[in-house]
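S.K.: Sharing a sequence plus its predicted fold:
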Amino acid sequence: METTIIIMFALSTILFILSLLQKDRSSKFEEQLENQSIRYMQEMYQLKRKISSLEEALLSSETFDNSLNRDDALAMYEDGYSIEEIAQFANITPEDVESLLANQ
């Protein structure tokens, strides 16, 4: 009987020590996971900033190109070219030419 109690006490002590070691491993894992999550969030933020700056650059260049196209289309229309001829020259549809001319 005494032997059984001593064995159970020793076993409980060993299991208690193992449980303490297991908590350390899980806290290290949680810390690594948190660090990785923060790193991914920083990368996402940087990518979003780059995307927004590229979108701004693209929008500003598109606006610039559209104003040139509109001016060119208007000049060609005033020179006597038809809408179909302007569309064929600019490789756009006649509807696009009409919308460019309407946005004066």
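M.R.: Right, received. Where do you want to start?

S.K.: and the residue nearest to Tyr81 when sequence neighbours are not counted, how far is that from Glu98?
M.R.: Nearest residue to Tyr81, sequence neighbours excluded (CB to CB, 6 or more residues apart in numbering): Phe89, at 7.6 Å. Using the backbone N, CA and C atoms, a C-beta is placed for each residue, glycine as well. Phe89 is 15 Å from Glu98, where distance means CB to CB, to the nearest Å.

S.K.: residue ranges for the helices of the protein, please.
M.R.: 2-78, 83-90, 94-102 (DSSP state H).

S.K.: Any chance of those helices in CSV with mean pLDDT and mean neighbour count as columns?
M.R.: CSV is the format used below for those (pLDDT from 0 to 100; neighbours: other CB atoms under 10 Å):
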stretch, mean pLDDT, mean neighbour count
helix 2-78, 84, 10
helix 83-90, 84, 16
helix 94-102, 84, 15
